[in-house]
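[1] Here is my input; please provide its structure:
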Amino acid sequence: QLKMADVETETGMIAQWIVFAIMAAAAIAFGVAVHFRPSELKSAYYINIAICTIAATAYYAMAVNYQDLTMNGERQVVYARYIDWVLTTPLLLLDLIVMTKMGGVMISWVIGADIFMIVFGILGAFEDEHKFKWVYFIAGCVMQAVLTYGMYNATWKDDLKKSPEYHSSYVSLLVFLSILWVFYPVVWAFGSGS
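    As a prediction, the model looks like this:
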């Protein structure tokens, strides 16, 4: 007799294989397309190749079920996802940053805040003490606010704007990313954090 947990596991595995295939195909597409782009646009394509390759690797690991670490027999921490995020989210931010004139110091603290945000998330996911888990949650949210401020800073200051075309794309993508990333702490709080 088939149990609901088996169906959820099977459905999840199929979804992970689908995302793996999409990310692998995207990495290949970016790899081909980069050869037909002008040199000033190639860095963004190389960043996207890295993002998609890392994501494809993580989803492959999750699809073959090497990602789970059971804590006290109660919950699973999907560490492949955190490894993916600690590598891809800085690259994703860098993909946007190349559309600005952001300086090295600002780039460093935005990327640093992003990495700390992910690290606090994984530390909280592995933490068994409920009260300490929420300290990591709050620290991660503070880091998310820091990196969001840094990324929006490039929309407010004229000296950080590269060109009107880049600025318009940067703002649109940043707003989309900001809205998407607001949901991560909520999901963490009800998932790994609970």
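
[2] can we go C-alpha only for contacts and neighbour counts from here?
    Will do.

[3] burial count for M23?
    Other residues near M23 come to 23 when the count uses other CA atoms under 10 Å.

[4] ditto for the one 3 residues further on
    A total of 18 residues lie near A26 under the criterion other CA under 10 Å.

[5] and if you look at L94?
    Using other CA under 10 Å, L94 has 19 neighbouring residues.

[6] For the helix or strand that contains it, name the packing helices and strands.
    Using DSSP states H and E, L94 sits in helix 79-97. Counting contacts by 3 or more CA pairs under 8 Å, 6 or more residues apart in numbering; DSSP states H and E, helix 79-97 packs against helix 39-63, strand 68-71, helix 104-126, helix 164-190.

[7] ok, of those, where does mean pLDDT dip lowest?
    Lowest mean pLDDT within these: strand 68-71, a mean of 54.

[8] tell me how far the helix or strand where M143 lies is from the chain's mean position?
    In this assignment (DSSP H and E), M143 forms part of helix 130-156. Computed by CA atoms, centre = their mean, to the nearest Å, the separation of helix 130-156 from the middle of its chain amounts to 14 Å.

[9] re the thing from before, let me have the helices and strands packed on helix 79-97 in a markdown table, adding mean neighbour count and distance to Y149 as columns.
    Formatted as a markdown table, the helices and strands packed on helix 79-97 follow (neighbours: other CA atoms under 10 Å; distance: least, CA to CA, whole Å):
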| stretch | mean neighbour count | distance to Y149 |
| --- | --- | --- |
| helix 39-63 | 19 | 22 |
| strand 68-71 | 14 | 33 |
| helix 104-126 | 20 | 9 |
| helix 164-190 | 14 | 10 |
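
[10] can you tell which of the ones you listed is closest to V19?
    Of all the helices and strands packed on helix 79-97, helix 39-63 sits nearest to V19, with 6.7 Å by CA to CA.

[11] who are the neighbours in contact with M143?
    Counting by CA atoms under 8 Å, 6 or more residues apart in numbering, M143 makes contact with 113-114, 116-117.

[12] How about W85: what's its closest non-neighbour residue?
    Nearest residue to W85, sequence neighbours excluded (CA to CA, 6 or more residues apart in numbering): I118, at 6.9 Å.

[13] what's the spacing between the one you found and G31?
    Separation of I118 from G31 (CA to CA, to the nearest Å): 28 Å.

[14] what mean pLDDT does the biggest helix by length in the chain have?
    Assignment by DSSP state H gives helix 4-33 as the longest helix of the chain. Here helix 4-33 scores 84 as its mean pLDDT.

[15] the inter-axis angle of it versus helix 39-63?
    Angle, helix 4-33 to helix 39-63, by axes from the mean of the first three to the mean of the last three CA atoms, to 10 degrees: 160 degrees.

[16] Off-centre distance for helix 4-33?
    The chain centroid and the centroid of helix 4-33 are separated by 16 Å under CA atoms, centre = their mean.

[17] Next: stretch 93-104.
    Its chain's C-alpha centre and that of stretch 93-104 lie 16 Å apart, by CA atoms, centre = their mean.
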